[in-house]
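Asks: have a look; sequence and predicted model below, questions after that.
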Amino acid sequence: MRRLAVLLALALVASVAGVLAPNAPSAQAASPSAVTVVHGIKGVAVDVYVNGALTVPNFQPRDIAGPLQLDAGDYDIRVLAAGADPATASPLLARTVTVPSGADVSLVAHADTAGGPALTAFVNDLSAAAAGQARVSVRHTANAPAVDVLLDGSPAITGLTNGSAADATLAGGTYSVAVQVSPSGPVAIGPADLTFPPGVLTAVYAISALDGSGIEPLVQQRPMALPPVVPTGSVSVVHGILGVPVDVYVDGVLTLPGFDPKDVAGPLRARRGRLPDPGLRGG
């Protein structure tokens with residue numbers, strides 16, 4: 001199964017090699033790419049030929065393979081409808097392709113708005129978000145006009161067209177999600193409750209058959225990088241000004257009220273670095 005997924009990934013790279021690495025050289029020592037393959041065409045299975053040999057038969061819709069670590073290099077690929085005779089059938093795709101280096105990409109086979117097959121690469125933003133935050137990427141990969149995306153009944157993304165994506169960062173949790181034809185047209189998907197875990201990129205694809213029927217969501221999740229750890233230290237506060245009681249504010253918060261001369265507070269936990277002005281104020 002792993003071999004099957006790897007080779008299909010190579011096939012899908014054919015359509016996007018110009019986007020990701022239009023002038024990439026042949027195989028060199030370089031960082032591998034993390035590649036996830038998404039089959040988003042309902043009702044269409046494919047056979048993949050690599051260098052003339054049938055290598056990946058009958059890859060099914062809604063399958064998600066990867067992420068796979070693929071070395072940079074050149075490959076000769078042909079993709080046909082499952083069961084088609086390679087001697088007589090026209091391939092859906094036939095190219096010599098260059099796999100790029102050092103990318104994190106989802107490669108999606110999907111329907112376009114003309115009712116044909118399309119292949120689109122989406123770069124996954126896996127950079128760290130703040131604690132408790134999730135990242136959502138809505139990707140329009142169905143045979144449908146532009147759509148709006150509603151979260152909890154309110155428009156969050158408008159005018160999203162086939163083959164495009166929109167990303168947002170929001171608090172992790174469960175949201176009611178609906179997709180409707182722009183502007184304010186019929187609802188194509190949902191409303192449905194979807195959970196966006198914190199620290200995770202959730203990609204939501206709208207997929208369909210080639211003729212546009214059966215539009216539905218397909219969800220892929222990828223962990224994001226962890227936010228940087230802020231080291232902490234211990235701080236003691238000593239009041240050494242005789243005759244002046246004070247209140248101590250830290251970052252605008254009253255932390256030590258009525259702090260009297262010769263008092264010692266702490267040790268307190270604090271982020272390492274330059275301490276802010278404590279805001280000593282006479283009481």
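Replies: Noted; the coordinates are in hand.

Asks: nearest spatial neighbour of Pro183, chain-adjacent residues omitted?
Replies: Asp148 (6.7 Å; Cβ to Cβ, 6 or more residues apart in numbering). Bear in mind the C-beta positions are built from the backbone N, C-alpha and C, glycine included.

Asks: for that neighbour, give the beta-bridge partners.
Replies: Counting by DSSP bridges, Asp148 is bridged to Gln180.

Asks: got it, and Ile207?
Replies: For Ile207, the beta-bridge partners are Thr141, Glu216 (DSSP bridges).

Asks: and it, how far from Ser101?
Replies: 29 Å (Cβ to Cβ, to the nearest Å).

Asks: what does Leu92 give?
Replies: 26 Å.

Asks: over to Pro117?
Replies: 27 Å.

Asks: next: Ala166.
Replies: 27 Å.

Asks: for the residue of the chain positioned farthest from its centre, pull up the helix or strand it's in.
Replies: What lies farthest from the middle of the chain is Gly243; by Cα atoms, centre = their mean that is 59.2 Å. Using DSSP states H and E, Gly243 sits within no helix or strand.

Asks: I figured it hits Pro261, correct?
Replies: Yes. With contact defined as Cβ atoms under 8 Å, Gly243 reaches Pro261; the gap is 6.4 Å.

Asks: I figured Ala65 hits Ser106, correct?
Replies: No. Applying Cβ under 8 Å as the test, Ala65 and Ser106 come out as separate, 10.6 Å apart.

Asks: which residues do these two both contact?
Replies: Residues touching both Ala65 and Ser106 (Cβ atoms under 8 Å, 6 or more residues apart in numbering) are 36-37.

Asks: give me the more crowded residue out of the two.
Replies: Ser106 (26 against 21; other Cβ atoms under 10 Å).

Asks: mind checking pLDDT for Gly116?
Replies: Gly116 is assigned a predicted lDDT (pLDDT) of 87.

Asks: I'd say it and Leu210 touch.
Replies: Yes. With contact defined as Cβ under 8 Å, Gly116 and Leu210 form a contacting pair (6.8 Å).

Asks: neighbour count for these two, which is higher?
Replies: Leu210 (18 against 11).

Asks: check contacts around that one.
Replies: 41, 43-44, 111, 115-117, 143.

Asks: drop anything exposed from those residues.
Replies: 41, 44, 111, 117, 143 (16 or more other Cβ atoms under 10 Å).

Asks: let's see which of the residues you listed end up in strands.
Replies: Among those, the members falling in strands (DSSP state E) are 41, 111, 117.
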